[in-house]
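J.: Show me how the following folds:
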Amino acid sequence: MSYNNLEEAIRAAGNPVEMLRNSQIGPYAFPVVRSEFTNWRDEQRAWRETCALFDQSHHMTDLYIQGPDALQLLSALAVNSFQSFRINQAKQFVACNSQGYVIGDAILFYLDKDRFNLVGRPPAANWVQYHLETGNYKASAERDERSGVNQGRRKTFRYQVQGPNALRVMEKVLGKPAPDIRFFQMEVISIAGRAVHALRHGMVGQPGWELFGAWDDGDAVRDAIVSAGQEYGIRQVGARTYPTTCLESGWIPSPLPAIYAGDELKGYREWLGAKSYETMASLGGSFYSDNITDYYLTPYDLGYGPFVKFDHDFVGREALEKIANDQKRKKVTFVWNGDDVSSVSNSLFHTGDICKYIDLPLANYATLPFDKVLKGDQIVGLSTYTGYTYNERAMISLGVINVEHSEPGTEVTLVWGEEGRGSAKPTVERHAQAKIRATVAAVPYAEVARLAYRPK
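T.: So this is what the prediction gives:
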């Protein structure tokens, strides 16, 4: 059945949950970059022990917004404060619907006067672009799609240099001391004779920089960094390893966009095309509800509470003012029982139904993973992003849990696999569900991520 937009797709499926549950798209793809440069275990070790080079040039959508009303537009849609936001700074931009549920988040770069760049998964960019096109704003937008859409050529390259040896690598490639840039602020530096924006960053709890510049300069800049990093143990990180960084740093990258229900958002759903992220995304996991809003998350659920500032008017403000003083859930790490994980894998070697395969190092098999977490027979939480970290020698997942069960050390049970032996997604084999014991832990799970790079 053909349709022209998200609204028509939902009508054709009869229910947004049914549509997403049986989407033919698997987990979020990380295109173009090699799967592994060496092996994923050593690539994970690099950001903890030596230095890692991440190539982020291909998998994110870039939306460039420019004009005298650009800041006004962004402020009207974000929970963040913009009172002290200045050129050469960046921030995590979080957008909600009017009920206070998250539509999407991304990194917002303040490039120049009245000029911004929003970088991340498509939902935040789509929401901003829609309001720009349908609102009365004196601004324009230029969209630079993921490499899978635009045949691999982007406006900019984007790398990250992270790890305990990152400073040494940067000083060698620069031929001088690295500039003293404050957290999430930028300067323009020169690498291999090319102008490069350097954002002070700490993606996996280690010192580091995000570097971006003109696309045609990308190869020269990368080669210079790799050459400079050889004596410091630098490793390039492949597409198989890269998405596991957030497991240690505690960022949930895949909240379900809170746009699938309600007449208020019908116009937006009609604006989103049949090939949009929101239309094509897949929903997976053991948590089932026919009500799509049961999958929605607030900024407080996702740990974005400190970003919410009521010093400006924005979509969702009134709802969040009520939620702020009555938070029901908290973001945590779930540490899976190793014996139970081994038992799931062991089912592959016996007759009868297997358990849902646990891929390593990232176990997600849908764009939007949602597994239920139990205390006794009661659902008390949701697990939303799962993988293995060699640095911690643990299978962990990020998720949310009712506040009364959020104390580190609390024992819970996670249900792995889908009902009815699995949905129609091609990434889902016929399987039996498994119960896995898990322990609630702090987020970020890695101690270095909790303590080292957080701004004072």
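J.: just the helices in the stretch 1-150 of the chain please.
T.: 6-13, 16-21, 40-49, 70-77, 122-134 (DSSP state H, counting those that start in this stretch).
J.: ditto for the stretch 151-300 of the chain
T.: Under DSSP H, counting those that start in this stretch, the stretch 151-300 of the chain gives helices at 166-174, 218-229, 245-249, 266-271, 277-280.
J.: How many residues are close by Lys309?
T.: 14 (other CB atoms under 10 Å). No exception for glycine: its C-beta is placed from N, CA and C like everyone else's.
J.: surely Glu142 meets Ala70?
T.: No: if you go by CB atoms under 8 Å, Glu142 and Ala70 don't touch, sitting 11.8 Å apart.
J.: out of the two, which sits in the more crowded spot?
T.: Ala70 (23 against 11).
J.: and that one, what pLDDT?
T.: If you check Ala70, the pLDDT there is 98.
J.: Could you number the chain from 133 rather than 1 from now on?
T.: That works, and once the first residue is 133, the last one we named lands at Ala202.
J.: any idea how far it is from Pro255?
T.: Noted for Ala202: a distance of 19 Å to Pro255, by CB to CB, to the nearest Å.
J.: With distance to Arg367 added, can I get the helices of the stretch 133-282 of the chain in JSON lines?
T.: Listed next are those as JSON lines, based on distance: least, CB to CB, whole Å:
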{"stretch": "helix 138-145", "distance to Arg367": "40"}
{"stretch": "helix 148-153", "distance to Arg367": "36"}
{"stretch": "helix 172-181", "distance to Arg367": "4"}
{"stretch": "helix 202-209", "distance to Arg367": "36"}
{"stretch": "helix 254-266", "distance to Arg367": "29"}
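J.: wait, which of those is closest to Pro576?
T.: helix 172-181 (12.7 Å; CB to CB).
J.: Can you name every helix or strand that the closest one contacts?
T.: strand 366-369 (3 or more CB pairs under 8 Å, 6 or more residues apart in numbering; DSSP states H and E).
J.: one step back: for Tyr160, which of the helices of the stretch 133-282 of the chain is the nearest?
T.: helix 254-266 (10.2 Å).
J.: Buried residues in the closest one, which are they?
T.: Neighbour-count burial for helix 254-266 flags 254-264 (criterion: 16 or more other CB atoms under 10 Å).
J.: Give the other helices and strands that that helix contacts.
T.: Using 3+ CB pairs under 8 Å, 6+ apart, helix 254-266 sits against strand 193-198, helix 202-209, strand 222-228, strand 234-244, strand 247-252, strand 272-276, helix 398-403, helix 409-412.
J.: any chance of these in a markdown table, plus distance to Pro576?
T.: Below are those laid out as a markdown table (distance: least, CB to CB, whole Å):
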| stretch | distance to Pro576 |
| --- | --- |
| strand 193-198 | 25 |
| helix 202-209 | 27 |
| strand 222-228 | 15 |
| strand 234-244 | 17 |
| strand 247-252 | 19 |
| strand 272-276 | 30 |
| helix 398-403 | 33 |
| helix 409-412 | 26 |
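J.: Of all those, which one comes closest to Arg461?
T.: Of the helices and strands packed on helix 254-266, nearest to Arg461 by CB to CB is strand 234-244, at 12.7 Å.
J.: List the neighbouring strands of that closest one plus their orientation.
T.: strand 222-228 (antiparallel), strand 247-252 (antiparallel) (DSSP bridges).
J.: Alpha carbons of stretch 493-502, in PDB - could you do that?
T.: C-alpha atoms of stretch 493-502 as PDB (Å, rounded to 0.1, in the frame of the first residue of the first chain):
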ATOM      1  CA  PRO A 493      29.000  -5.200  20.700                       C
ATOM      2  CA  LEU A 494      25.600  -3.500  20.000                       C
ATOM      3  CA  ALA A 495      22.600  -5.600  20.500                       C
ATOM      4  CA  ASN A 496      19.900  -3.300  19.100                       C
ATOM      5  CA  TYR A 497      17.800  -4.900  16.300                       C
ATOM      6  CA  ALA A 498      15.400  -2.000  15.900                       C
ATOM      7  CA  THR A 499      15.600   1.800  15.500                       C
ATOM      8  CA  LEU A 500      13.600   2.300  18.600                       C
ATOM      9  CA  PRO A 501      14.400  -0.400  21.200                       C
ATOM     10  CA  PHE A 502      12.100  -0.800  24.200                       C
END
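J.: Out of the helices and strands packed on helix 254-266, which is closest to Asn534?
T.: Nearest of the helices and strands packed on helix 254-266 (CB to CB): strand 234-244, 18.4 Å.
J.: Can you check the pLDDT for the residue positioned nearest the centre of the chain?
T.: By CA atoms, centre = their mean, the mean C-alpha position of the chain lies nearest to Pro385, the distance being 2.0 Å. Here, the pLDDT recorded for Pro385 equals 93.
J.: quick one, what contacts Ile384?
T.: 378, 434-435, 463, 516-517, 530-531 (CB atoms under 8 Å, 6 or more residues apart in numbering).
J.: cool, Met318 as well?
T.: 220-222, 241, 329-332.
J.: Can I get stretch 265-272 as CSV, trimmed to CA atoms?
T.: C-alpha atoms of stretch 265-272 as CSV (Å, rounded to 0.1, in the frame of the first residue of the first chain):
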residue,chain,number,x,y,z
GLU,A,265,8.6,26.6,6.8
THR,A,266,5.2,27.1,8.5
GLY,A,267,6.0,30.0,10.8
ASN,A,268,6.6,33.6,10.2
TYR,A,269,10.3,33.6,10.7
LYS,A,270,12.9,35.7,8.8
ALA,A,271,15.3,32.8,8.4
SER,A,272,16.2,30.1,5.9
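J.: what's the spacing between it and its chain's center?
T.: Distance of stretch 265-272 from the chain centroid (CA atoms, centre = their mean, to the nearest Å) equals 27 Å.
J.: before we move on, back to that, just put the strands paired with strand 234-244 in TSV and tack on mean neighbour count.
T.: Below are the strands paired with strand 234-244 laid out as TSV (neighbours: other CB atoms under 10 Å):
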stretch	mean neighbour count
strand 222-228	23
strand 247-252	22
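J.: Now the terminal residues of stretch 485-504, how far apart.
T.: By CA to CA, to the nearest Å, the extent of stretch 485-504 from end to end equals 21 Å.
J.: average model confidence for that stretch?
T.: So the average pLDDT for stretch 485-504 ends up being 97.
J.: got the buried residues for it?
T.: 486-490, 493-504.
J.: ok, now stretch 312-328?
T.: Buried residues in stretch 312-328 (16+ other CB under 10 Å): 313, 316, 318-319, 321, 323-324, 326, 328.
J.: got JSON lines for these, with distance to Gln188 and pLDDT too?
T.: JSON lines is the format used below for the buried residues of stretch 312-328 (distance: CB to CB, whole Å; pLDDT from 0 to 100):
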{"residue": "Ile313", "distance to Gln188": "18", "pLDDT": "90"}
{"residue": "Phe316", "distance to Gln188": "16", "pLDDT": "92"}
{"residue": "Met318", "distance to Gln188": "15", "pLDDT": "96"}
{"residue": "Glu319", "distance to Gln188": "19", "pLDDT": "96"}
{"residue": "Ile321", "distance to Gln188": "18", "pLDDT": "97"}
{"residue": "Ile323", "distance to Gln188": "16", "pLDDT": "98"}
{"residue": "Ala324", "distance to Gln188": "19", "pLDDT": "97"}
{"residue": "Arg326", "distance to Gln188": "17", "pLDDT": "98"}
{"residue": "Val328", "distance to Gln188": "14", "pLDDT": "98"}
